[in-house]
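Trainee: from the sequence below, what's the structure:
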Amino acid sequence: MKKQITISVHNGTKVSRAHNMRNRKVTDKEPHIDKNGWYAIWHDEPLRDAYKRLFGKAQEEYNLKQTRNDRRIVDYLSTVQKSAKQHAVYETIITLGNVDEHPEPHESYEILQQVYGEWRMNYPNLAVVGAYFHADEKGAPHIHIDYVPIAHGYKKGLAVQNGLVKAFGEMGFILKGKDTAQIQWQRDLKSRVTELAKERGFKVVEPTVKRKKHVETALYKLEKQVPALRKERNKLYGDVARAQESLYEAEKPFREIEHLEHRLEAVESKYEALRDFVAGYNCKGVNLLERFDHEEAEKASHEKRTRRKTNNSKDEMER
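Mentor: Residues are numbered from 1 along each chain as shown. Just a heads-up that it's a prediction; the model follows:
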C-alpha cells in the first residue's frame, strides 16, 4: 500500500485562463509558481470560439425565427456575461493530497489525466473548454477543468443554452432535500477520483479534524485581514492620485516654458516676415529696414549705458 492521501474537489466560477495556461506575463508575478516546474495543457480553447461551437447552431436557428431585428441574439457569450444569474464558464479543481503529503507528480498526472479522459463520457453536459495539470506550484499537484454547462429543450430563447442546474438534471443530478444537484455531482466526481487513486495503491482518507480546524483557523485569520487590507488599498489609491496631481503641478513650469518657446518662434517668424515685407520701402530717402535696424541698435546701446551707470552707482555705495 502506498501513502495515504486526501482528495479534494472544488467547484467555482473564478477562472483565470492566463494563469492556467501559464502566461508568463501573469505567472511571473506569482511567487508560488516555479518557473521551471512541470505543467501540462491538455485542452485550451478561447471562450468565444467555444461558445460558437456549442451554441452557434442554436443561435442561428433562433434568429431565423425572429421577425424583428431587436429580438435577434448577435452575441450569446455577451448575453450570458451580462446576466445576473448565469456564469459564462465554471471551473473544477481536483487535488490529490495536500501540501504535506501527496503522490509523486507523475502519479498524480496519470490519475488526473484519466479523470479528464473520462469527463466527456461521464459528464456530457459539462463541455470542457480548458484542462490544465499543475505540478509547478507549492503544494499538491492538481488539475483545473474549465467547462460550460449545456442544457437543452428551452422554449424561450435559444433551444440550447448555458444552464447549470438543468445540465445537472439532464445527467441525473436532481435536488433532493438539502442535497443540491451540484453537491451530488461533486460527490460523484470525487468518488470516481477516489476509485482511480485506490486502483494505483493509494489509501484515500478524509481530512482529519485537526487539519480541518487548522484550515478553518487559517481562513478565519485571512478573513480578519481583509478589512485592513482593503483600507490600506484605498489609502494607496489616494496616495497615488495625490502623487499624480503633484507631478502634474510640478510639470506646470515646464509646460509654460514650452508654450512660451512656441509663442517666441511664432513671433520671430512674423518679425522676419515683416522685415522682408518692408525691406524694399523707403521713407525720405532712407530704407525703412535700415532705419528700423538703426533705431533698434540705438535702443540697445542706450539700455547698455543705463545698466553700466546703475552698476557703477552700486559699486560706489558699497565702497
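Trainee: so what's the backbone phi/psi at residue 5?
Mentor: Dihedral angles of residue 5 (phi, psi; degrees, to the nearest 10) stand at phi -140, psi 160.
Trainee: report how many residues lie close to it.
Mentor: Using other CB atoms under 10 Å, residue 5 has 21 other residues around it. Just so you know, the C-beta spots here come from the backbone N, C-alpha and C atoms, and that holds for glycine as well.
Trainee: that one reaches residue 202, doesn't it?
Mentor: Yes: checked against CB atoms under 8 Å, the pair residue 5 and residue 202 is within contact range at 5.3 Å.
Trainee: overlap in contacts, those two.
Mentor: The contact sets of residue 5 and residue 202 overlap at residue 103 (CB atoms under 8 Å, 6 or more residues apart in numbering).
Trainee: any stretches of the chain with poor pLDDT?
Mentor: Counting by pLDDT under 70, the ranges of the chain that qualify are 1-2, 208-223, 264-301, 303-305, 307-319.
Trainee: which stretches of it form strands?
Mentor: Counting by DSSP state E, one finds strands in the chain at the ranges 4-5, 7-12, 39-44, 90-96, 126-134, 142-151, 161-162, 203-204, 282-283, 286-287.
Trainee: please identify the deepest-packed of those strands.
Mentor: Among these, strand 161-162 has the highest mean neighbour count (mean count of other CB atoms under 10 Å), at a mean of 24.
Trainee: can you give me how far that strand is from the chain middle?
Mentor: Centroid separation for strand 161-162 versus its chain: 25 Å, with CA atoms, centre = their mean, to the nearest Å.
Trainee: show me what it is packed against.
Mentor: Packed against strand 161-162, as judged by 3 or more CB pairs under 8 Å, 6 or more residues apart in numbering; DSSP states H and E, are the following elements: helix 47-64, strand 142-151.
Trainee: contacting residues around it?
Mentor: Contacts for strand 161-162 (CB under 8 Å, 6+ apart): 55, 58, 80, 86-88, 148-151, 154.
Trainee: related to what we said a few turns ago, need the strands of the chain in CSV (columns: distance to residue 21).
Mentor: Shown next, in CSV, are the strands of the chain (distance: least, CB to CB, whole Å):
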stretch, distance to residue 21
strand 4-5, 27
strand 7-12, 18
strand 39-44, 5
strand 90-96, 13
strand 126-134, 6
strand 142-151, 10
strand 161-162, 22
strand 203-204, 29
strand 282-283, 83
strand 286-287, 80
